[in-house]
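A.B. asks: Pasting the sequence and the predicted coordinates here, then a few questions.
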Protein chains: 2
Amino acid sequence: MTIDPAAPPPRPPGRPRSREADEAILAAALDLLIERGGGATSIEQIARRAGVTRATVYRRFPNLTGLLVRAIEWEYRNTTPEALSWPDVPAMVRDWARHLSEPRSRRLVRRLYGTVDDLPELLRAYDAAYGSHRGRAVRNTLEHASAAGELPLHCDPETLQLVLSGAALQHLAAYPDTTAAQDVEAYFLAVLRQVGFPSPPPAHSTPPRRSTSR
Amino acid sequence: MTIDPAAPPPRPPGRPRSREADEAILAAALDLLIERGGGATSIEQIARRAGVTRATVYRRFPNLTGLLVRAIEWEYRNTTPEALSWPDVPAMVRDWARHLSEPRSRRLVRRLYGTVDDLPELLRAYDAAYGSHRGRAVRNTLEHASAAGELPLHCDPETLQLVLSGAALQHLAAYPDTTAAQDVEAYFLAVLRQVGFPSPPPAHSTPPRRSTSR
C-alpha cells in the first residue's frame, strides 16, 4: 500500500467528539440564554448543562460573552437568502408572523433586547447573523411594492419598515408567546391598514362549485 | 396645662428620620435598577448605596421585588392627569417626544421590558403608576382627533395607538439615549406621515416683516 500525497490528511481521532462537545456547549449556552438571560448565565452552568467540565468550555471558547455570541451565530447558521425572499407584502407579512409566533425565537429576541445595555454584543451578533438579513429582505419587498405602486403614495419604504419593526417589538413585549401565526398575521394586517395598505380581497370570489349531483 | 384629648398624638420622634431613610433606600433601589437591571440588583447593594444596614432595609420593605415595585411607584408619585392631557395629536407627539428624550426614563423603561420574563411585577408596577395613565391619555387624544375628522378615514384609534407605542419601543431599542426631543418628535411625525396624518403646516406663513428703515 502506498501513500497518496494528494489525499487529505487522516482525520484527527478526537475530531468528531470535539464537534459533538462544541455543539453540546453551544446548545446549552443558547438554552440558558433563552431561559435566564445573558446576565444570569455562567460558564459553570453552561458546562454542567452540556455535561462537560469548565476547563473544556474554556479550552474551546474565549469567555462567556464570546461563547454566547458563537451560540447565537450557531442558532442562525442555516439562514439562507431564499428563506428571506417574498413575492409581495402580504407574503412577507405572513412569513414574519410565522417567525414571530415561534415561542423560542420570541424569548431569545426579548433576551437580546433585554441585555442591550449590558451585553450589546449579543444583539449585534443576532443582527449580523439574522436580523440584518431579514431587515434587508423586508426593505427590498417594500421598495418593490413602492415601485410597483402598491403602497399608498404617502408611504416611504424606510419609515414603513420602521413602523413594522416597531409593531413586531410591541407584539414581543405585550402579547403572549402562545399567539398563533394567523393572529400575528391579523395583527400586522391591522397595522398595515393604518397606513392605508389594502388588505387582500376576501376569499368569497371563489368560482361557483360545479354540481356533482349528476 | 391640660391635655386636649382631641389633639393629634405627638409625632413619634423617629418619624422624620424614618422617611429620610425610606427615601434614601427607594432612590438607591431605583438608581441600581436603572444602572444594572432588576436581576443584577441585591438588597445588599441597595443598603450600601443608601448608607443603611441590610436589617434597616428588611425592616421597611418586604423583599427585593417588593422594594423595586415601591421604588417605581415612588418615581412616578407626582404624575398628574393635567400633565397627560393634550389639545391635539401634534401636541401629544411633542410631549411624548420630550418624555422619550429623557435618558433616565429611557433606561428605566428598557430595564423594565428587559426583565419582563423574570420580574413581570416591575413592568406591571410601571404600567399601574404611569404607563396606563399615559396610554389612556394617548387613546383619548386619538379618539377626539378621530371624532373631529382629523385622522385619515382608514385609521382606527386603537391600532394607531399600538403603532405609536411600537414606534416608541423601537426608538428606545435602536436610537441613542442622547437623541434630542426635537429629533424624537421628527421621528414620530415621520411615523404619522406613514398613516397619512398631515404634518403641521410649515412655518413660512409668518406675516411679512414691517420695514423699520423709516
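C.D. replies: That came through fine. These numbers come from a predicted model, not from an experiment.
A.B. asks: Residues of chain A that sit close to chain B?
C.D. replies: Counting by CB under 8 Å from any CB of the partner chain, chain A comes close to chain B at A:36-37, A:39-40, A:107, A:110-111, A:113-118, A:152, A:154-156, A:159-160, A:162-163, A:165-171, A:173, A:190-191, A:193-196. The way it works is simple: take the backbone N, C-alpha and C, and place the C-beta from them, glycine included.
A.B. asks: Distance of the nearest residue to residue A:52 once chain neighbours are set aside relative to residue A:54?
C.D. replies: Spatial nearest neighbour of residue A:52, excluding adjacent residues (CB to CB, 6 or more residues apart in numbering or on different chains): residue A:21 at 5.8 Å. Note on residue A:21: its distance to residue A:54, by CB to CB, to the nearest Å, is 13 Å.
A.B. asks: before we move on, what about residue A:159?
C.D. replies: 48 Å.
A.B. asks: Name the residues of the lowest-mean-pLDDT helix or strand in chain A that come out as buried.
C.D. replies: Every helix and strand of chain A was ranked by mean pLDDT, DSSP states H and E. The lowest is helix A:15-36, at a mean of 91. Neighbour-count burial for helix A:15-36, counted by 16 or more other CB atoms under 10 Å in any protein chain shown, picks out A:21-22, A:24-34, A:36.
A.B. asks: Also stretch A:186-194?
C.D. replies: A:187-194.
A.B. asks: export that stretch as PDB, just CAs?
C.D. replies: This file holds the C-alpha atoms of stretch A:186-194, laid out as PDB (Å, rounded to 0.1, in the frame of the first residue of the first chain):
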ATOM      1  CA  ALA A 186     -54.000  39.600  11.500                       C
ATOM      2  CA  TYR A 187     -52.100  42.000  13.800                       C
ATOM      3  CA  PHE A 188     -49.700  43.000  11.100                       C
ATOM      4  CA  LEU A 189     -52.500  43.400   8.600                       C
ATOM      5  CA  ALA A 190     -54.300  45.700  11.100                       C
ATOM      6  CA  VAL A 191     -51.100  47.800  11.300                       C
ATOM      7  CA  LEU A 192     -50.900  47.900   7.500                       C
ATOM      8  CA  ARG A 193     -54.500  49.100   7.300                       C
ATOM      9  CA  GLN A 194     -53.400  52.100   9.400                       C
END
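A.B. asks: Run through who's touching that stretch.
C.D. replies: A:89-90, A:93, A:96-97, A:163-164, A:167, A:171, A:175, A:199, B:154-156, B:159-160, B:162-163, B:166, B:195 (CB atoms under 8 Å, 6 or more residues apart in numbering or on different chains).
A.B. asks: of these, buried ones?
C.D. replies: A:89-90, A:93, A:96-97, A:163-164, A:167, A:171, B:154-156, B:159-160, B:162-163, B:166, B:195.
A.B. asks: In chain A, where is pLDDT below threshold?
C.D. replies: Under the criterion pLDDT under 70, the flagged ranges of chain A are A:1-16, A:199-214.
A.B. asks: Got the domain ranges for it?
C.D. replies: A:19-75, A:81-194 (automatic domain parsing).
A.B. asks: which parts of stretch A:34-50 are buried?
C.D. replies: If you call a residue buried by 16+ other CB under 10 Å, then stretch A:34-50 has these buried ones: A:34, A:36-41, A:43, A:45-47, A:49-50.
A.B. asks: and stretch A:44-58, how far from the chain's centre?
C.D. replies: Counting by CA atoms, centre = their mean, to the nearest Å, stretch A:44-58 is centred 26 Å from the centre of its parent chain.
A.B. asks: and it, how far apart are its ends?
C.D. replies: 10 Å (CA to CA, to the nearest Å).
A.B. asks: for stretch A:69-81, same thing?
C.D. replies: Per CA to CA, the first residue of stretch A:69-81 is 21 Å away from its last.
A.B. asks: That concludes my questions; thank you for your assistance.
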